[in-house]
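S.K.: What follows is a predicted protein model with its sequence.
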Amino acid sequence: MKNSTPLIHFIFKAIPACLLFALFSACAQYSIMNLQDDLQTNVYQFNKRFSGKMMDLSAGYVLMDKRKDFLINSNKIKEKVTFFDSSLLDIQYFNDDQPVKKTSEGAEKEFNKAIATMRYQISTLPSNQLKTIIVEQKWVVDEGLWMVEPDLDVFLK
């Protein structure tokens, strides 16, 4: 019976270690899922406001050093562009410019940059012709928040 005592002590020490490992694994997965959810929410909210020509509200999702140019150029878009539809086609994840593999649950590991591919149906004055454009939006984590680096030139061509 005395020989079983070290085995029992080992089991009682191993069980909490296994539980801690499972807890940390779950937290890491939650962190990745939370990062994805925040990104998708920000992409959706920015594009909803942008295509609704609420430029002052959509500017809240733009990186601070790009915000002034965004507000100046977005006024041109507000005057010349009519939005009919927009949709998210794809999001690619990156960690320090290295691609992060996607799984059925989303990103395989943490990431700090993303490229959201958007499709817009617009018309630009003076023409009334409907055209479809594809825009790749670069999203980065800045102070814990997902922010966009917009390229507005494609809307004014």
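M.R.: Good, I have the coordinates.

S.K.: Make sure V148 is indeed in a helix.
M.R.: No - using DSSP: H, G, I helix; E, B strand; the rest coil, the secondary structure at V148 is strand, not a helix.

S.K.: all strands of this structure, in order?
M.R.: Along the chain, the segments classed as strands by DSSP state E run 81-95, 98-100, 102-103, 106-107, 113-124, 131-142, 145-149.

S.K.: center of the chain - which residue?
M.R.: When the chain is reduced to its mean C-alpha position, the nearest residue by C-alpha atoms, centre = their mean turns out to be L39, at 2.8 Å.

S.K.: residues contacting V135?
M.R.: When contacts are counted by C-beta atoms under 8 Å, 6 or more residues apart in numbering, V135 touches 117-120, 151, 154-155. For the C-beta atoms, the positions are set from N, CA and C on the backbone; glycine is no exception.

S.K.: How about the residue nearest to the centre of the chain, nearest residue that isn't a chain neighbour?
M.R.: Nearest non-adjacent residue to L39, counting by C-beta to C-beta, 6 or more residues apart in numbering: W146, 4.9 Å away.

S.K.: on that earlier part again, okay if I get the strands of the chain as JSON lines plus distance to L63 and mean pLDDT?
M.R.: Formatted as JSON lines, these follow (distance: least, C-beta to C-beta, whole Å; pLDDT from 0 to 100):
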{"stretch": "strand 81-95", "distance to L63": "16", "mean pLDDT": "94"}
{"stretch": "strand 98-100", "distance to L63": "21", "mean pLDDT": "90"}
{"stretch": "strand 102-103", "distance to L63": "25", "mean pLDDT": "80"}
{"stretch": "strand 106-107", "distance to L63": "21", "mean pLDDT": "72"}
{"stretch": "strand 113-124", "distance to L63": "12", "mean pLDDT": "96"}
{"stretch": "strand 131-142", "distance to L63": "6", "mean pLDDT": "95"}
{"stretch": "strand 145-149", "distance to L63": "5", "mean pLDDT": "95"}
